[in-house]
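Engineer: the sequence isn't on hand, but the structure is:
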Ligand SMILES: Nc1ncnc2c1ncn2[C@@H]1O[C@H](COP(=O)(O)OP(=O)(O)O)[C@@H](O)[C@H]1O
Ligand SMILES: [Mg+2]
């Protein structure tokens, strides 16, 4: 369960203020995939970082698995992220010198995952990366990279999965595949929040929220 | 996926950055170890060298002193034993003693084991008119060397003149037309001319030497002599006073005159030789010390300078590394890897490069030091420095620590960089 209430976040850069979040409230229940759609610059990434315990909001409340992560000390918050949150990014953010398999196993650096290896093998199989498991990111197609990133995000079965424009760099077919896997993961009982300006996302989401200038304008 | 696997993969991926960091540490360590090896080798060499140099110098001194001894050997240390009643003023005016003493004094002196006296030459000397030629001459009766019973027989200082023969000074021989083999008549006695002396420019040129016994008869002084020339051999304790004491103890009725400063000359020469050697030795030691001090002073600022420069270099490389890894570190942080973990991961990498550099630098330093020593000692057997395990262990522990310390600030910056900044970038 992910609940965010009345979040505000203002960036201050060189005297200029940008209100990236202006009172955003969203709830994502377990087993639910919620998509937030909006134009570039409307505050989607900021929303995701705040929800993901990576960026402290100016106001409002984040509750994740019954806990406010910003009430935790930095090291405890990192551990909390490792245990409860998975991330998928538009830029993949894979570690360049690790093979696909090692990248998928990276969450094991943050916490003990006793069956990580078996789970990684299973994900490699399921996401169609078997032939690419030993390849470094530079040797993978963008679709393969995003699937590897997705596998990494769900290796530890986090109850909350946050995805920031995961299809932004993908072609039609790969985009559909990734959206399908996100929906599958939500179906497995996780709360999945997807921010995107990809209209296809609507087809996979239980709910679609429209965002504009730091506000949720409309829910469909 | 373990942290070590991550580190190993990263090192393999950014091998040039890592290799440069290893090189930096290796250069600093090689510099330090090489200098330590040289200093240690010189330390131990210096002692051995000082010993062997001193021995060489002592050998040179002894040779030099021996040379001086050989050169000055002919000089002898001469005293003249005169009868006690001889008036010294008269002796100095005439050039010989008019008083006489028993010839047995010679035997007594010889038999007395007077250790400082080696050669004894009894003479009877008198200036007299040569009636046949109407001129004055110096007549010396000589017996040659008196036998010294307790010593090896030595070649006499002056050959005895056999009875019936005479040795004639140069001026006399010229004036009288005498030549070896001819005869001369002196106070009614006839002598065969045995030898004409070459000119010497003193009263010897107007002297006739004949056998002592014949001189005693001729001068009417049987069994009497006027002087004993004692030629002593040199020894450190032999002073004019020592010799005078020895002689007058055996022969209370005599007085002793020191005839020459030759002994003093010889002593001075030997002292000079010793001083020269000591100076040479001191100069050499001073030069060696100065060279060592110079090298130590050079090392004292050079080695720290290299270490500081290399530490800065390692720090810069670490900074370059973490900047390149911004994205990767950001995602690891997002995945829940704590800042402390990221920090130790980066420091561990620097520790590893430090360890590699220390090992390589240690080996290179020993090799450099040994090569240097070998070239320095060109030709001579180079004393290779012993492997100092304690120093090697110290370097292998300290160098990685310094290397890790150099990476502390970059690692701190990287670990505390906000992952949101990286992840927000599109
Ligand atoms: N570090 C920052 N400093 C100042 N402004 C920022 C910063 N990050 C984002 N912004 C601004 O905040 C707004 C929201 O950004 P973002 O959340 O990245 O939007 P989106 O992901 O929807 O494109 C944008 O107008 C952007 O320019
Ligand atoms: Mg964005």
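Structural biologist: Looks like it came in fine. No experiment lies behind these values; they were computed from the predicted model shown. Ligands and ions are numbered 1, 2, ... in the order given.

Engineer: just give me the longest helix of chain A.
Structural biologist: Identified as the longest helix of chain A according to DSSP state H is helix A:172-187.

Engineer: pull up the pairing partners for the helix or strand following that one, direction included.
Structural biologist: Sequence-wise, the next helix or strand downstream of helix A:172-187 (DSSP states H and E) is strand A:191-196. When pairing is defined by DSSP bridges, strand A:191-196 lines up against strand A:33-37 (parallel), strand A:160-164 (parallel).

Engineer: of those, which is nearest ligand 1?
Structural biologist: strand A:160-164 (7.1 Å; C-beta to the nearest ligand atom). (Each C-beta comes from the backbone N, C-alpha and C, glycine too.)

Engineer: which residues of the stretch 301-426 of chain B lie near chain A?
Structural biologist: B:327-328, B:330-341, B:419-420, B:422-426 (C-beta under 8 Å from any C-beta of the partner chain).

Engineer: just the ones of those residues in helices?
Structural biologist: Short answer: these in helices (DSSP H) are B:327-328, B:330-334, B:339-341, B:419-420, B:422-424.

Engineer: and the buried ones among those residues, selectable in ChimeraX?
Structural biologist: Only the buried entries of these go into this ChimeraX selection, using 16 or more other C-beta atoms under 10 Å in any protein chain shown:
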select /B:327,328,330,331,332,333,334,339,341,419,420,422,423,424
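
Engineer: which two in the ones in helices among the residues of the stretch 301-426 of chain B next to chain A are spaced the farthest apart?
Structural biologist: Greatest spatial distance in these: B:340 and B:424, 23.6 Å, computed using C-beta to C-beta.

Engineer: now residue B:196, which residues is it bridged with?
Structural biologist: Where residue B:196 sits in a bridge, its partners, by DSSP bridges, are residue B:168.

Engineer: quick one: it and residue A:70, what's the gap?
Structural biologist: As for residue B:196, its distance to residue A:70 is 133 Å (criterion: C-beta to C-beta, to the nearest Å).

Engineer: so between those two, which is more surrounded?
Structural biologist: More crowded of residue B:196 and residue A:70, by other C-beta atoms under 10 Å in any protein chain shown: residue B:196, with 18 against 13.

Engineer: quick one: contacts for the more buried one?
Structural biologist: B:167, B:168, B:169, B:170, B:173, B:178, B:179, B:180 (C-beta atoms under 8 Å, 6 or more residues apart in numbering or on different chains).

Engineer: who wins for most neighbours among those residues?
Structural biologist: Neighbour counts for the contacts of residue B:196 (other C-beta under 10 Å) peak at residue B:168, which has 27 neighbours.

Engineer: now name the helix or strand holding the residue of the stretch 151-300 of chain B found nearest chain A.
Structural biologist: Relative to chain A, the nearest point of the stretch 151-300 of chain B is residue B:299 (41.1 Å; C-beta to the nearest C-beta). Taking DSSP H and E as the definition, one finds residue B:299 inside helix B:262-324.

Engineer: the nearest residue to residue B:190 once chain neighbours are set aside bridge partners, please.
Structural biologist: With sequence-adjacent residues excluded and distances taken as C-beta to C-beta, 6 or more residues apart in numbering or on different chains, residue B:190 is closest to residue B:183, at 5.4 Å. Residue B:183 forms beta bridges with residue B:192, as assigned by DSSP bridges.

Engineer: up against chain B, what does chain A have?
Structural biologist: Within reach of chain B by C-beta under 8 Å from any C-beta, chain A has these residues: A:45-46, A:49, A:52, A:54-55, A:74-75, A:78-83, A:85, A:87, A:89-91, A:93-98, A:102, A:105-111, A:116, A:152, A:164.

Engineer: hmm, back to that, could you check the angle helix B:326-334 makes with the helix holding residue B:299?
Structural biologist: Orientation note: helix B:262-324 sits at an angle of 70 degrees relative to helix B:326-334 (axes from the mean of the first three to the mean of the last three C-alpha atoms, to 10 degrees).

Engineer: would you map out the domains in chain B?
Structural biologist: For chain B, the structural domains run B:3-61+B:283-425, B:79-258, going by automatic domain parsing.

Engineer: in the stretch 101-250 of chain B, where is pLDDT below threshold?
Structural biologist: B:113-119, B:144-159, B:231-240 (pLDDT under 70).

Engineer: sorry, back to before: and the residue of the stretch 151-300 of chain B closest to chain A, how many neighbours does it have?
Structural biologist: A total of 17 residues lie near residue B:299 under the criterion other C-beta under 10 Å.

Engineer: and for residue A:75?
Structural biologist: Residue A:75 has 12 nearby residues by other C-beta under 10 Å.

Engineer: that one: which element?
Structural biologist: Assigned by DSSP H and E, residue A:75 falls in helix A:74-84.

Engineer: distance of the most centrally placed residue in chain A from residue A:182?
Structural biologist: In chain A, the centroid-proximal residue (C-alpha atoms, centre = their mean) is residue A:162; its distance is 2.2 Å. For residue A:162, the distance to residue A:182 (C-beta to C-beta) stands at 10 Å.

Engineer: try residue B:21
Structural biologist: Distance, residue B:21 to residue A:182, by C-beta to C-beta: 42 Å.

Engineer: likewise residue B:182?
Structural biologist: 149 Å.

Engineer: neighbours around residue A:55, how many?
Structural biologist: Burial measure for residue A:55: 22 neighbouring residues, criterion other C-beta under 10 Å.

Engineer: residue A:43 is in contact with that one, correct?
Structural biologist: No - applying C-beta atoms under 8 Å, one finds residue A:55 not in contact with residue A:43, separated by 11.4 Å.

Engineer: need the residues touching each of the two.
Structural biologist: Residues touching both residue A:55 and residue A:43 by C-beta under 8 Å, 6+ apart: residue A:9.

Engineer: now residue B:258, which residues is it bridged with?
Structural biologist: With DSSP bridges as the criterion, residue B:258 is bridged to residue B:79.

Engineer: name the nearest residue to the closest residue to chain B within chain A, sequence neighbours excluded.
Structural biologist: Among all residues of chain A, residue A:82 sits closest to chain B, at 2.4 Å; criterion: C-beta to the nearest C-beta. Distances taken as C-beta to C-beta, 6+ apart place residue B:336 nearest to residue A:82, at 2.4 Å, with adjacent residues excluded.

Engineer: go on, residue B:269?
Structural biologist: residue B:68 (4.4 Å).

Engineer: what strand or helix carries that neighbour?
Structural biologist: Applying DSSP H and E, one finds residue B:68 within helix B:15-72.

Engineer: average model confidence for that helix?
Structural biologist: Helix B:15-72 carries an average pLDDT of 80.

Engineer: for stretch A:58-66, same thing?
Structural biologist: For stretch A:58-66, mean pLDDT is 93.

Engineer: contacts for that stretch?
Structural biologist: Contacts for stretch A:58-66 (C-beta under 8 Å, 6+ apart): A:1-10, A:21, A:23-25, A:50-51, A:53, A:68-70, A:80, A:84-85, A:159-160.

Engineer: lovely, talk soon.
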